[in-house]
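> Take this sequence and fold it.
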Amino acid sequence: MKWKALVVGAGIGGLTAAMRLVKSGYEVEIVEKFHQAGGRVNLLQEDGFTFDSGATMMGMSYELKEFERDCQIQLPFKMVELNPLFDVIFEGSPKPYRISKNLTRLGKEFDDLEKNFPDKAKKFLHASGRLFHDSFPLLFKKNISNFFEHFISIAQLPYKHFPRFFRPYWQELGKYFQSDKVKQILSLPALFNGSTPFEISSFFSFLSYNQMKFDGNYSIEGGVYQLVQSLIDELVKNNVKIHYNTEIIDFVSENNKIKHLIDKNSRKWHADLFLINADACVFRNKVLKHPAYDATALDKMNWSMAPFSIYLGLSCKLPQLSQNTCVINPSFKEYAGKNLKHLLALDKPYYYVNIPSKANPHLAPLGCEAVMIQCLVPNLKYKKSWVDKKSVAENIIQDLSYKISLDLESFVLYEKIQTPEDWEQNFGLWRGSGFGPSLKLNQIGGFRTKNYDEKFQNLFYCGASTIPGNGIPMVIISSKLACERIWKKFGAYS
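Model prediction:
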């Protein structure tokens, strides 16, 4: 008889874990709170406009390829490497800076900012690359059960890497570069992971190495949601059923094992083992009621920033902007440095602009443009209400309008705003934190929320809030690590 696994949550972690389990001989069923799959990697379609509502690109493409090899499948979408990676607009600059992987070309872009940039960048990326190849297999690609195992892994690292654990990313960049603008640009990978360069460890400089040298950034033809749809199609082929609008709110246990989970409509979901792709901290809090994860304990954790997203359908084209643009305002240091944990004016934030219809014209009506603007803001612990969301959005749209010399408001056919309150309500994210617990040193490896339950022997976790961390590639790794826990305990059939 096959073991039956119930996966709770159809995000990238849940979908890839379900595929791993069904390919190893398990019977698998999925329940999902939202009306469609994807979790934080979701889709918005309205009035002929289509948007990725979360991630719009991904890096570390080798992790997706490893998943395909593990499951002996080939997902049908096409990945397109981005080079240039993105543009950066600074207030007062006559033109955008085009961020290329070619360091010679990038040095010419930065000629007015940083002399001898290519040589400096080579040294920075070489050191970051050595750190990545030495540390990533030890701290991110294997299960770590406790602090002792965590420190054993760290002890295997060359001593030269240790100072980088304790230096902020911004300080590390200062060892190589003088220009604040260059440091702001090179610190963007930290921002894309929900942290700031002033609080995240320089250990994560390997994000820049991955983006600029080792792998790159990729878009997916048709949008990132094609990854989700392709996984769903593959699961359907393998007789895995997904039940939407199904929120788990309770459970019944016996002898330190979950017997069944109970949804909001009182339906009981039976299985031999349960894999939770809902937020690992929130599930322990709201469903299991683990005392160690009560609201006070969770608020003591350091959580990532939250996304504030504006989706615009415009009745014009935007030749002034590339597919991916980051806008950095003079308030960057104040905004990212300390004020995200205090109430701050959101009229001059930094923000990211994605125009999916540039590469995929069918995502907008003829002659129109689909535009997503995302700004990282304080989570709901620090800014508890978003009744001012309309005025915040207007300020950001006006700022972008000024920078490209076009009144965007006069071309709006469709507009939708998503705040941290929406992310909390729709996807159960603590205080609306879009990336889960932040990547501070005391919240990675053996310090991060475990991917197996502290009490129930047949309950496991995958996703951004457990090991190894947030982002599509990390979540794909988390699905493998969780399945390895399951296979070790229950075995595999193939």
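> So what's the residue count around M57?
For M57, the neighbour count with other Cβ atoms under 10 Å is 21. Every residue, glycine included, has its C-beta placed from N, CA and C.
> hang on, isn't it packed against Y352?
No - with contacts counted by Cβ atoms under 8 Å, M57 stays clear of Y352, the gap being 10.2 Å.
> Next, show the common contact partners of those two.
N324 (Cβ atoms under 8 Å, 6 or more residues apart in numbering).
> Flag every buried residue along the helix or strand containing S401.
Using DSSP states H and E, S401 sits in helix 389-404. The neighbour-count check on helix 389-404 (16 or more other Cβ atoms under 10 Å) flags 389, 392-393, 395-397, 399-400, 403-404 as buried.
> Need the residues you listed in a markdown table (columns: pLDDT).
As requested, these are exported to a markdown table (pLDDT from 0 to 100):
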| residue | pLDDT |
| --- | --- |
| K389 | 95 |
| V392 | 93 |
| A393 | 95 |
| N395 | 93 |
| I396 | 94 |
| I397 | 96 |
| D399 | 93 |
| L400 | 95 |
| K403 | 94 |
| I404 | 95 |
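> Please convert the residues you listed to CSV, extending it with distance to Q45.
Below are the buried residues of helix 389-404 laid out as CSV (distance: Cβ to Cβ, whole Å):
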residue, distance to Q45
K389, 21
V392, 24
A393, 20
N395, 27
I396, 23
I397, 21
D399, 27
L400, 23
K403, 28
I404, 26
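> Show me what the helix ranked longest in the chain packs onto, helices and strands only.
The helix that spans the most residues within the chain, counting by DSSP state H, is helix 117-139. When contacts are defined as 3 or more Cβ pairs under 8 Å, 6 or more residues apart in numbering; DSSP states H and E, helix 117-139 sits against helix 103-109, helix 147-155, helix 206-209.
> How far off centre is the shortest one?
I take that to be helix 206-209. From the chain centre to the centre of helix 206-209 is a distance of 15 Å (Cα atoms, centre = their mean, to the nearest Å).
> Show me what secondary structure element comes after that helix.
Later in the chain than helix 206-209, the nearest helix or strand by DSSP H and E is strand 217-220.
> For that following strand, C-alpha coordinates in PDB please.
The C-alpha trace of strand 217-220 is given here as PDB (Å, rounded to 0.1, in the frame of the first residue of the first chain):
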ATOM      1  CA  ASN A 217      18.400  36.600 -14.100                       C
ATOM      2  CA  TYR A 218      15.800  35.100 -16.300                       C
ATOM      3  CA  SER A 219      12.300  35.900 -17.500                       C
ATOM      4  CA  ILE A 220       9.900  33.300 -18.600                       C
END
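> by contact count, what packs against it?
Judged by 3+ Cβ pairs under 8 Å, 6+ apart, strand 217-220 is in contact with strand 58-59, strand 79-82.
> Pick the most buried one from the ones you listed.
Burial of the helices and strands packed on strand 217-220 is given as mean neighbour count (mean count of other Cβ atoms under 10 Å); strand 58-59 ranks first at a mean of 22.
> what packs against that strand?
Against strand 58-59 (3+ Cβ pairs under 8 Å, 6+ apart) you get strand 217-220, helix 472-490.
> Direction included, what does the shortest one pair up with?
So that's strand 217-220. Here strand 217-220 is paired, per DSSP bridges, with strand 58-59 (antiparallel), strand 79-82 (antiparallel).
> possible to save those strands as a markdown table with mean pLDDT and distance to H270?
Converted to a markdown table, the strands paired with strand 217-220 look like this (pLDDT from 0 to 100; distance: least, Cβ to Cβ, whole Å):
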| stretch | mean pLDDT | distance to H270 |
| --- | --- | --- |
| strand 58-59 | 93 | 35 |
| strand 79-82 | 94 | 38 |
